[in-house]
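[1] just a sequence and a predicted model for now, questions to come.
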Amino acid sequence: MNWEAIGAVGEILGAIAVFASLMYLAIQIRTQNKESKLSATREFSDNLIELQECLSSNSELASVMTKAVSTGIDTLTDSEALQCSAYLQQTLRTWENSYYQFHDDRLDGRLWHSIEVQLSEVASTTAFQQFWKHRAHYYSEDFRNYINQLELNEYRLVSELVRDDT
């Protein structure tokens, strides 16, 4: 075997090694992207659970939010309006974060759809509309535009839905 043949074999082996390295890298990136999506989903779920725990473990906040959803923020006392506003801000920050996670392809589309359904109902409430009118500027322009074009669906308290069932 002459040096040219050995060099050609070496080039072929080098090309195979480069190809194998690229395939390995592609697999690693895909695995990392899946893990990133799972992590974003887990983070959103944890934040949503935390928000729900705020309401379920704090009867005063639950009462304030029930009153706000039923009659609007303008019927609340100043301290109740502050509680309502703080809760809505925390909720909207969670949704805004998930909005960007979804658009960066880090959040599963199936989860995003369920977020949209919930958001479209909550955004239909008088309390949300009153809050959004005065605090929309707290949020990014993209998220504001998204909320402003959202098709709204009626929000009803679970207690109302259950009463209607009987």
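    Everything's here; your move.
[2] average pLDDT for the one helix or strand residue 16 maps to?
    Here residue 16, judged by DSSP states H and E, is contained in helix 3-57. Helix 3-57 carries an average pLDDT of 81.
[3] for it, name the packing helices and strands.
    helix 59-71, helix 78-103, helix 109-122 (3 or more CB pairs under 8 Å, 6 or more residues apart in numbering; DSSP states H and E). (Each C-beta comes from the backbone N, C-alpha and C, glycine too.)
[4] could you dump those to JSON lines with distance to residue 163 and mean neighbour count?
    Shown next, in JSON lines, are these (distance: least, CB to CB, whole Å; neighbours: other CB atoms under 10 Å):
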{"stretch": "helix 59-71", "distance to residue 163": "13", "mean neighbour count": "16"}
{"stretch": "helix 78-103", "distance to residue 163": "24", "mean neighbour count": "17"}
{"stretch": "helix 109-122", "distance to residue 163": "18", "mean neighbour count": "15"}
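[5] and residue 154, how many neighbours does it have?
    Residue 154: 8 surrounding residues under other CB atoms under 10 Å.
[6] what residues does it make contact with?
    121, 124 (CB atoms under 8 Å, 6 or more residues apart in numbering).
[7] skip the chain neighbours and tell me the closest residue to residue 55.
    Once flanking residues are discounted, residue 55 sits nearest to residue 62: 4.9 Å by CB to CB, 6 or more residues apart in numbering.
[8] any idea of the pLDDT on the one you found?
    For residue 62, pLDDT reads 91.
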